[in-house]
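> Output the structure for:
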Amino acid sequence: MTTRIRKVAVLGAGVMGSGIAAHLANSGVRALLLDIVPPKANPGEDTSSKAFRNKFAAGALANMRKQKPSPIVSEQVFANIEVGNFDDDLARIEECDWVVEVVKEDLAVKQALFARVEKHIRPGTIVSSNTSGMSIVGMTEGRGADFKKNFLVTHFFNPVRYMKLLELVAGKETSPEVLKTLHRFGEEVLGKGIVYGKDTTNFIANRIGTYGMMKTIAGMGAAELTIEEVDKVFGPPLGRPKSAVFRTTDIVGLDTFVHVAKNCYDTLTQDEEREAFRMPDFIHEMVKKGMLGDKSGGGFYKKVGKDIQVLDLSTLQYRAQNKVRFESLGAAKEVEDVRERVAVVLNGQDKAAKFAERISLDVMAYTSRRIPEIADDVVNVDRAMRWGYAWDLGPFQAWDAYGVKKGVERMKELGLKPAAWVEEMLAAGRTSFYGVENGKDTYWDIPSKSAKVVQENARTQRVEYLKRGDKKIDGNDSASLWDMGDGVTLLEFHSKMNSLDDQIIEMMGKALDETEKNFKGLVIGNDGANFSAGANIVALLWAAKSGEFEGIRQQVRTLQSTLQRMRYSPVPVVTAPFNLTLGGGAEVTMSGNAVQANSELYMGLVEVGVGLIPGGGGNLQLLRNVFGPFAADKDFDAMAFLKKVFLNIGMAKVSTSAEEAREAGFLSLQDGITSNRDFLLSDAKARVLGMANAGFKPPRPTRFRLPGPSAAATFDMMLYDMELNGQVSAHDRKIAQKLVRVLTGGDTSPSVLVTEERLLELEAEAFLSLCGEEKTQDRLQHMIEKGKPLRN
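All right, here's what the predicted structure looks like:
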């Protein structure tokens, strides 16, 4: 059988098929995207041409360029995707190691396609279906032994790039080696979280997720709650996405939601809660009227002018949303830890909290009764809901937060029935589904009636594990230094939003002291939601309004010198950014000797949004990255490079992926990209050890041949025109002038080489002068209060 997957055929170019092809290409895997030949031609179309015959697959590529959020990490990934059609190109699946079917959810259509596929694949080729409901027995009826041995379900979630879950479902004849191969490929190449489901309707995530949504919709009337109230309750207060219930349905599409629920109702004839999947009449009416959600311009919510209105279920007319205020939700806002927050809501006394408790306990009880029908253990179920529905806590984790024993007692009061094994677990003395033993996560294993270690890939690393192992070297309120083992230290930020402050800068210095003295190398990374959202602008604004400019100067110069020290330390420093990596976070990232980034990296120098320019060396760092080995080259025209750097900083551009960050110059071609966030710290450690063991030597400082005032004047002519045309304000232009002076080297000429230290001096001078500007202070104030930039 296939053990290494180099090329994949995707059969079906709809939303899911094109999303799978895009993500394969994102991950560096070649994809062959095929669809049917269009059954009808428009006037003038040549039906014999490739353009016509490949129209559906080619159209999918065109749609990828327009979709938001984008399914691709860079325009460059299109080089990894070929298109074709089933009639002309199906034989080409012989080139592929894996064939994934993503056609219409119609058993006859799938069976007919698999009959054709079997004629062209090589022996041992893995074949899978992305179905969410069809049985493997039915889909493989009539196929040969080798086909069945290499067949399984691979259920991706939409949007494929962003949703971590990949459900693997084996048939009775599926080879264990096939599962191992796709598990490894999905986890390590595609960056997915792998969950094992059973060959049951809608598998794990959609079975539980649909049940929960249906019970919520059915119960909200009696609870006297509106759509917007339900979504506020079942969003972040309960550790769920802001889209909660009804907004999620709008995103998915009401027609799709109805199809999934109907599939449950039609096939789950033995489910004691089958009636819960019967769709209410008003949703059928909405579908009939074309109120399908985002795809039709309106579902439960609709944009009317600048406002988002909500559906009144009694009239099926849209109205303005009401303010949602409940004491339980207000209390939850004050709680950062998600487990504590969920407990606060579920223990509340207002009607919103009581409804949340009733529905949550109902879903927990139902889920407990679905083991082992849909999955073998609580781990697979919880992972499915976290990775497929973006819940912070799976149902059993939320039950732990509420209290298992308390939950069982309350369920009985409410007439709900938990599975017998839950009470058996409590009787055995285990009071929670999860625990920690010898530093390892454990879960209650139902068949053995004992605690077992949660299985994870060996590359999984988290700061949490270092905490359990008592690996702390030093720390303060905003940062900690940890011993990762094998001679590597880890500097973790843990301030609010991991924003840079004095304590983080102090710990950077201590981290370098300790690592240079006793270790091989340093990694900078953390377990947070974001690597770093930038500098602490609250403290900066307070200092500026208080006239503490000398203090600001000292802070800026200390950050600059600390990051420069990091760059030129005798031990290698690897930064491990992910998600939001803005402003100072980007400067920390670029100050390392190498970067190991997560593929989902939203990185940029965004200081102009608050009326400033980068102050921690960001201008120098981006110049250094973009100019590369040509910084001092006499025969090189600096203007094209300066323009790129100027636009990146001056337009506050933020990458939408690590690949885009590389194209912008924030990362180099030599920097690494990790698809699976769980592996990021481990990969960064491997990189720093490789550098240390290969005889690392710090780089030489860069000297730049910059054009000086003449180039600055050229830039300012452009800015003058933009101000005249109303494209920028006078203050925007002032900020840009300060930026240009730094980037062009100040009072210099191409005959003089500008040092890094001189550029840092120019940067500090410009940063400090802008801090004194009233309009910059207004921008800082507005960002703090409103969370968005002010144009003044």
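> V573 contacts M590, correct?
No. The criterion here is CB atoms under 8 Å, and V573 misses it with M590 at 11.2 Å. From N, CA and C alone the C-beta is placed, and that goes for glycine too.
> Low-confidence ranges, the stretch 1-150 of the chain, go.
For the stretch 1-150 of the chain, the stretches with pLDDT under 70 are 1-2.
> Break down it into its helices, ranges please.
Using DSSP state H, counting those that start in this stretch, the helices of the stretch 1-150 of the chain run over 15-26, 50-53, 55-66, 86-89, 107-120, 136-139, 145-149.
> I'd like to know the beta-bridge partner residues of K472.
Using DSSP bridges, the beta-bridge partners of K472 come out as W482.
> Now for it: which residues touch it?
K472 is in contact with L466, S480, L481, W482, D483, counting by CB atoms under 8 Å, 6 or more residues apart in numbering.
> isn't the last one right up against D470?
Just to be clear, that refers to D483. No. D483 is not in contact with D470 according to CB under 8 Å; the separation is 9.5 Å.
> Counting neighbours, go ahead and name the busier of these two.
More crowded of D483 and D470, by other CB atoms under 10 Å: D483, with 18 against 8.
> Please name the nearest non-neighbouring residue to the more buried one.
Nearest residue to D483, sequence neighbours excluded (CB to CB, 6 or more residues apart in numbering): K471, at 4.5 Å.
> Could you verify my assumption that the one you found touches V488?
No. K471 lies out of contact with V488 (CB under 8 Å); the separation is 11.0 Å.
> Per the annotation, how does this structure divide into domains?
Annotated domains of the chain cover 7-197, 205-414, 464-776 [automatic domain parsing].
> Endpoint to endpoint, the second one covers what distance?
Terminal residues of domain 205-414 are spaced 25 Å apart (CA to CA, to the nearest Å).
> Strands of the stretch 451-600 of the chain, start to end?
With DSSP state E, counting those that start in this stretch as the criterion, the stretch 451-600 of the chain has strands at 472-475, 479-485, 488-493, 521-524, 573-575, 579-582, 594-598.
> of those strands, which approaches P395 most closely?
For P395, the closest of the strands of the stretch 451-600 of the chain is strand 579-582, at 25.6 Å, according to CB to CB.
> Comparing K471 and V488, which shows the higher neighbour count?
A count of neighbours by other CB under 10 Å puts V488 above the other of K471 and V488, at 25 against 17.
> Tell me what the more buried one is bridged to.
Beta-bridge pairing for V488 (DSSP bridges): G485, G521.
> shouldn't it be in contact with L689?
Yes. Between V488 and L689 a contact is recorded at 6.2 Å, counting by CB under 8 Å.
> what do these two both touch?
Residues within reach of V488 and of L689 at once, by CB under 8 Å, 6+ apart, are K520, G521.
> Sketch out the low-pLDDT regions of the protein for me.
Within the chain, the ranges that satisfy pLDDT under 70 run 1-2.
> if you set the cut-off to 90 instead, what comes out?
Within the chain, the stretches with pLDDT under 90 are 1-4, 44, 68, 132-134, 252, 295, 336, 636, 787-788, 791.
> just to revisit the earlier point, what subset of the contacts of K472 is buried?
Buried subset of the contacts of K472 (neighbour count, 16 or more other CB atoms under 10 Å): L466, S480, L481, W482, D483.
> could I get those as CSV with distance to E492?
Shown next, in CSV, are the buried ones among the contacts of K472 (distance: CB to CB, whole Å):
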residue, distance to E492
L466, 8
S480, 5
L481, 8
W482, 6
D483, 12
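> Return the member of the residues you listed nearest to E82.
Relative to E82, the closest of those is L466; by CB to CB it sits at 44.6 Å.
> quick one, which of the strands of the stretch 451-600 of the chain is nearest to E94?
Among the strands of the stretch 451-600 of the chain, strand 594-598 comes nearest to E94, with 35.2 Å by CB to CB.
> Point out the other elements, helices or strands, that the closest one touches.
Applying 3 or more CB pairs under 8 Å, 6 or more residues apart in numbering; DSSP states H and E, we find strand 594-598 packed against strand 573-575, helix 658-664, strand 672-674, helix 680-693.
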